[in-house]
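Trainee: model this:
(3 chains)
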Amino acid sequence: MNGHPQLEARGVTVRFGGLTAVDGVSAAFAAGELVGIIGPNGAGKTTFFNALSGVVAPTAGDLYAHGRRLTGAGPHRYAAQGIARTFQTPRVFGELSVAANIDFGLQFAGRHRKSSWLLKDEDSILHLIGLSAQARLPAAAVTPSQQRLLEIGMALATRPRLLLLDEVAAGLTEAEVDSMAQLIRRLRDELDLTVIWIEHAVTTLLRYVERVIVLHQGRKIADGTPAEVVRNAEVVEAYLGDEVAA
Amino acid sequence: MVPVSFAVLMATGIAVHRLTFRRLAATSPNVDVFEARGLMVAFGLMFLVQNFAQLVWGADLRGYDYLTDPVQVAGSQFAANKLLLLGLSLAFSVVLIVSLRMTLLGKGVRALMQSPTGAQLVGIDTRRLHPLMFGVGLGLSGVAGCLLSMTYTITPSMGEPYTVTALIVITLGGFGSMGGALAGGLALGVIEAVGMHFTNPSLKSLLSYAVFIGVLLWKPNGLFARR
Amino acid sequence: MNPWRESRVRRLGQRLAQGLLDRTHLGRDLLVLFALTGWALAVPHYGSDFVVSMALTCLMYVALATSWALFCGTTRYLSLATAAFFGIGAYTSALFIDSLGWWPVIAAGAGVAALVAVVMGSAVLHLRGTYFAVLTFGMTELIRHAVTYWEKQVTGTVGRVLTVVPERDTIYLTVLALAVLAVAVSIVVRRTRFGLGLMGIGADEQRAQTLGVNTRLAKIGGFALTAAFAGAVGAAMSVRWTYIDPATVFSPFIGFQTVLIALIGGIATLWGPLIAAVVFSLLAETLRLQAPQAYLMTLGLLLILCVLYLPGGLASLRWSTFGQWREDTRAWWRELRRDKRRDEARENAT
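Mentor: Here you go, the predicted structure:
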C-alpha cells in the first residue's frame, strides 16, 4: 500500500513480573510473506503473537501496522486493521454451530473490510477450509483437528491481511501436517495474505516457508531463509540439533 | 474462647466444603464459572446462616465487657481489649504468612493456588488439602468474629461490612499475595481511622470505598500484584 | 449486477430467510408475550387490591430479572448493583415528580441510572467475575451511604414523602409496560449483532476481542441498558410506597432477589426469569410477612441447591435431569465408600 511494512515490531519487550518472556524483538513483515517462527518451548513465541495481535500490551517497544502505531490498542483494533490470529488450543464457541462460529468474525471485524470473493460469506469460508459438511454441527462436537481448521476459518472470517497461526499442526500425523502446510500456502497465494506461522514440526515448516525467525529465551537469534537458518550455529545449538541441517 | 471458635468454624468449613464446593469443582467447566457459582453459593450460605442466627438468637444488639480497662502505652491510653485484638490478629497473620512460606504444608497450599492439576501431579493430596484450607480460612474468620465481639456490638449481620472490606483488602493487596493483603488491611484501617478523625465518622464506609476505587483506577491489579 | 453486489443481495436474502425460519421461535415468543400481557391487563379490572398489589410486585421483578439476565446472563458478569439503580430511579422520582410529569420522570429515572452505570461500568467492567460482583455490591453500598449522608447533613431529612401520586392503575400499567418492554427488548437483542457480541463475551471474551468485538463498549452498553430498566422501575415503584428512604430503596435485598430469580429461572434463557419471578412473588407475599427469617433461609437454601444441582435454572429442567441426579448421587456414594476403603488400606499398610 504505502511504503511501510504490513506489520512491524520494534524492540518489543513483554515482562510478566520478574519474567521477561519477550526481550527486545524487532521484525518487519511485508505483504505476501510466508514466515515461520520456531524455537524451543518457553522461547516466547506465543507471547510474541499475543503482542502482535494486541492481546498483551508490550512492556516496552512499539508495534506498527502500515506505519500506524498500534501499541497498547485493544485486540479489536488490531483485528480491525486486518491482523487475525489463531490460538494454540482451539478456542471455538462450543455451543454455536460451526457455521455460526465462522459467521461471528464476519459480523464484527470482517464486517467493514473488503475481501476477495473467496471470503464473501460463511459458506465460501467453510468450503475453503474444507468443513462444509460439518456446517450445522455444534462446534464442540467436531474432532480436534476439525476444530483446528475451524480456528483458522474463524480467523479468516475477519477478512485479514495478515494471519498469525499458532502451532496449527500440533498433534497431527505427518500426512496431516503436510496437508495443513499446503492449505496455508494456498491461503497465502489465493487470498494474498501475509502468514506468520509458529510451529514445532520444523522439517515440514522449513519446506514451505520463505523466511524463518528463531526465538530463544525471548530474544531473536536468527532471521533469514531456511537454508541460512539451519546452518546458523546458535540455532543448531539451541534448538535444531545436527539432523535438520543434513 | 479463641481456640474454641477456631475449632468450631474450621469443622464447619470442612463440612461446607465437602457438601458444596467439592461438587462445584467437579461440575464446573472452567475456573470462571466455578468462581461465579462459588460466589452464588457463598451468598446463599450468607442468607442461610444470617437468618438462622436471627431466628435462633433474635435480631437485638448484644455485647459484653471484657478487659475494658485502659492501658498506658507510649503516652496514650488504649483499651486493653483493643490491644489484645491488635496483638492477636497480627500474631495470627504472621503465623499464617510464615507457615505458608516455610512449612511443607504451606508450600503445598501455594502450589495448589497456582495450579490445582500440577499440585495433584506432584503428589499433593488436593482432596484433603482443599477442604483443610477452606476450613482454616473459615476458622480464622471465626477468630476474627470472636475478637471483634470484645469491642463491638454483636448482631447477626455484623459480618456484612467486613465482607466487602475483606475483598477490598484482597484486591488492594494484589491477588494471591498474603503480605500484600496484610499491608493493605493495615493501611485501610489507618486510612479509615485517620479519615474518621478529620472528617465525619459517618463517612467511614464512604472513605474506604473511595480509596478502593481510587486505587483500582490507578493500579488495576492491586498495589502489590505479583502477576 | 456485478458479482460482488449480487452475492451481497443473496446473503441478505439468506439472512432474511433464516430470520423467518427463526420465526417459529420468534412467533412463539411474541405470541406468549401477547397472551401474558393480555392476562396482566385484565387484573386491575377483576382483582382485589391485594391481588393487584401482588401482581405489581411480580411485574416489578419480571422487569428487573429479565433486564438483568439480558446483560448478566449472556456475558456472565454478575452484577449486584440492581438496588443502586433502583434507588437512583426512586430518588429521581421523589425529587422531580412535582416539576416533571409522570412519564418524563420515569424516563429521567432510567436516564440518570444509565449515566451512573456508564461511570460505574467504566471503572469496574474490566475485572473478572467475582471481583466485579462484589465491587458492584460495594458500589451499591457506597451510593447508599452517600445518599444517607447527603440527606442527613445537607438536606436534613431522613426519607422523602411523595405528594403527587398517580392512580393505582396508572402505576400498574406503567410497570406492566416496563415488564413487557424488558421481555421485548430481550427478544430483539438476542437477534442482533449486539446480542451476539454479548454472547461472545460470555463464552470467551478474549476470543471475541480478537474477532473484532469492542468488548468495553459492549459491556458498558449492556450494563447501562440493565441500569436504565432498574431505574425506570424504581421511579415507578417509589410512588407506590409514597415514602422512601435510603435503607428501603437501596436495600441490597432487591439486588439479591433479582439475581436469585434470574439464576433459578435460568440465567441465559428468555422465559426462565419470568417464570421464576412469578413463583417467587407468590412465595414472598405468602411467607415473608409470617416468617421473614424462614423465607430468607429458604431463598438461601434454594440458591445453593440451584447452583449446585441445576445451574441452568428451572428453564433447563428436563426429564433427563432427574436421571442425571440419580446417577450423581450414586457416584457420590461410591466415591465416599472408595475414600473410606482407601483410608483403611493406608492405615493397614503403616
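Trainee: would you list every one of the strands in chain A?
Mentor: A:7-16, A:19-29, A:34-38, A:60-65, A:68-69, A:83-85, A:162-166, A:194-198, A:211-216, A:219-224 (DSSP state E).
Trainee: Nearest approach to residue C:325 belongs to which of the ones you listed?
Mentor: Residue C:325 sits nearest to strand A:162-166 of all those, at 40.7 Å, using CB to CB. C-beta coordinates here come from the backbone N, C-alpha and C atoms, glycine included.
Trainee: Ends of stretch A:207-218, what's the gap?
Mentor: Between the opening and closing residues of stretch A:207-218 there is a gap of 25 Å (CA to CA, to the nearest Å).
Trainee: and that stretch, what's its mean pLDDT?
Mentor: Per-residue pLDDT values over stretch A:207-218 give a mean of 90.
Trainee: How about chain B: which residue is closest to chain C?
Mentor: residue B:47 (2.9 Å; CB to the nearest CB).
Trainee: Excluding sequence neighbours, find me the nearest residue to that residue.
Mentor: residue C:300 (2.9 Å; CB to CB, 6 or more residues apart in numbering or on different chains).
Trainee: packing partners for the helix or strand encompassing the residue of chain B closest to chain C?
Mentor: Assigned by DSSP states H and E, residue B:47 belongs to helix B:31-57. Counting contacts by 3 or more CB pairs under 8 Å, 6 or more residues apart in numbering or on different chains; DSSP states H and E, helix B:31-57 is packed against helix B:22-27, helix C:129-150, helix C:252-266, helix C:292-309.
Trainee: Residue B:62: neighbour count?
Mentor: When neighbours are counted by other CB atoms under 10 Å in any protein chain shown, residue B:62 registers 11.
Trainee: Look up the closest residue to it, ignoring the ones flanking it.
Mentor: Spatially, and ignoring its direct neighbours in sequence, residue B:62 is nearest to residue B:154 (4.5 Å; CB to CB, 6+ apart).
Trainee: Contacts only, for the one you found.
Mentor: Taking CB atoms under 8 Å, 6 or more residues apart in numbering or on different chains, we find residue B:154 in contact with B:61, B:62, B:63.
Trainee: do you know how far the nearest residue to the first one once chain neighbours are set aside is from residue C:97?
Mentor: Looking back up the chat, that one is residue B:61. Spatial nearest neighbour of residue B:61, excluding adjacent residues (CB to CB, 6+ apart): residue B:153 at 4.6 Å. The gap separating residue B:153 from residue C:97 is 38 Å, by CB to CB, to the nearest Å.
Trainee: Neighbour count: the two, which is higher?
Mentor: A count of neighbours by other CB under 10 Å puts residue C:97 above the other of residue B:153 and residue C:97, at 23 against 12.
Trainee: can you give me the helices in the chain?
Mentor: Reading this off chain A. With helices called from DSSP state H, chain A shows them at A:45-52, A:75-80, A:98-107, A:122-129, A:144-156, A:174-191, A:202-208, A:226-231, A:233-235.
Trainee: hm, I was asking about chain B
Mentor: Using DSSP H, helices in chain B cover B:2-16, B:22-27, B:31-57, B:80-102, B:104-114, B:116-121, B:126-151, B:160-173, B:178-198, B:204-218.
Trainee: buried residues in the third one?
Mentor: For helix B:31-57, burial by neighbour count (16 or more other CB atoms under 10 Å in any protein chain shown) applies to B:32, B:34-55.
Trainee: which SS state does the residue in chain C that chain A sits nearest to fall under?
Mentor: At 2.5 Å from chain A, residue C:212 is the closest residue in chain C, using CB to the nearest CB. Three-state assignment for residue C:212 (DSSP: H, G, I helix; E, B strand; the rest coil): coil.
Trainee: Check what pLDDT the residue of chain B closest to chain C gets.
Mentor: 79.
Trainee: again, but for residue B:203
Mentor: pLDDT, residue B:203: 69.
Trainee: distance of the residue in chain A positioned nearest to chain B from residue A:59?
Mentor: Nearest residue of chain A to chain B: residue A:17, at 5.7 Å (CB to the nearest CB). Per CB to CB, residue A:17 is found 11 Å from residue A:59.
Trainee: who has more neighbours, those two?
Mentor: It is residue A:59, of residue A:17 and residue A:59, that has more neighbours when counted by other CB under 10 Å, with 14 against 8.
Trainee: how about the nearest residue to the more buried one, chain neighbours excluded?
Mentor: residue A:15 (4.4 Å).
Trainee: Share the number of residues neighbouring the residue of chain A found nearest chain C, please.
Mentor: Closest approach between chain A and chain C, counting by CB to the nearest CB: residue A:109, at 2.5 Å. Residue A:109: 30 surrounding residues under other CB under 10 Å.
Trainee: what's the domain layout of chain C?
Mentor: Under automatic domain parsing, the residue ranges defining each domain of chain C are C:1-46, C:52-317, C:318-350.
Trainee: on that earlier part again, so which of the helices and strands packed on helix B:31-57 is the most packed in?
Mentor: Mean neighbours per residue, mean count of other CB atoms under 10 Å in any protein chain shown, is largest over these for helix C:252-266, with a mean of 25.
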